[in-house]
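**Q** quick one: sequence plus predicted model below, questions after.
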Amino acid sequence: MKHILITTIAAVVLVGCGGPSIHQATIDGEIALIRRELSNGANVNEKNEDGYTPLHLAMKSGHKRIVELLIAKGADVNAKFEGGGTPLHIAAVLGHNEIVELLIAKGANVNAKSEGGLTPLHLATTKEIAELLIAEGADVNAKTKRGLTPLGVAIKQKQTERADLLRKHGGKTAEELKAEGK
């Protein structure tokens, strides 16, 4: 009787936990576990306790195959985490060029704003990502709640290549826009 009870409790605990969650499997880069979780009914857009969907977490690890799988299974490319950022914000700041391209191709909003008003272009850490975003219509003069433009951020971060690119496409600092009455 004791053995049956322990076995039953162990089975309930395992079923209740469902094995590794889709979130943890995404963090760990375990594509087979993600597939299993999805086939067992895991919600591809479910947020974890920190407000991240599996797609947000896939951005952090840069697993392109996982990103492709999650999107194919219906992941929202414009889902916002608690700070208001999207998967594109994360990919841009982490320099994942191929993933940025993929997200844009799948309909990611290049002008999505975080709660502080940051767009992916404000956060782009490489010239290549900035070029991709601009080519898709990113607002080169978008202002954050603190009044920073993408050019202002690039100058502050001493990213001269990105600053030159932004200027080439009409990017201005907040001060320049203010002088123009904008």
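**A** Looks like it arrived, so ask away.
**Q** C-alpha from now on. contacts and neighbour counts both.
**A** Fine.
**Q** point out where this structure drops to low pLDDT.
**A** Residues of the chain meeting the criterion pLDDT under 70: 1-20.
**Q** in it, what residue spans correspond to helices?
**A** Here the chain has its helices, by DSSP state H, at 2-17, 22-28, 31-39, 54-61, 64-72, 87-94, 97-105, 120-123, 127-135, 150-156, 160-168, 174-179.
**Q** list the helices and strands the third one packs on?
**A** Contacting helix 31-39 under the criterion 3 or more C-alpha pairs under 8 Å, 6 or more residues apart in numbering; DSSP states H and E are the following elements: helix 22-28.
**Q** for the helix it packs on, C-alpha coordinates in PDB please.
**A** Output in PDB follows, covering the C-alpha atoms of helix 22-28 (Å, rounded to 0.1, in the frame of the first residue of the first chain):
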ATOM      1  CA  ILE A  22       8.500  25.300 -22.600                       C
ATOM      2  CA  HIS A  23      10.100  28.400 -21.100                       C
ATOM      3  CA  GLN A  24      13.000  26.400 -19.500                       C
ATOM      4  CA  ALA A  25      13.400  24.300 -22.600                       C
ATOM      5  CA  THR A  26      13.700  27.500 -24.600                       C
ATOM      6  CA  ILE A  27      16.300  28.900 -22.300                       C
ATOM      7  CA  ASP A  28      18.200  25.600 -22.500                       C
END
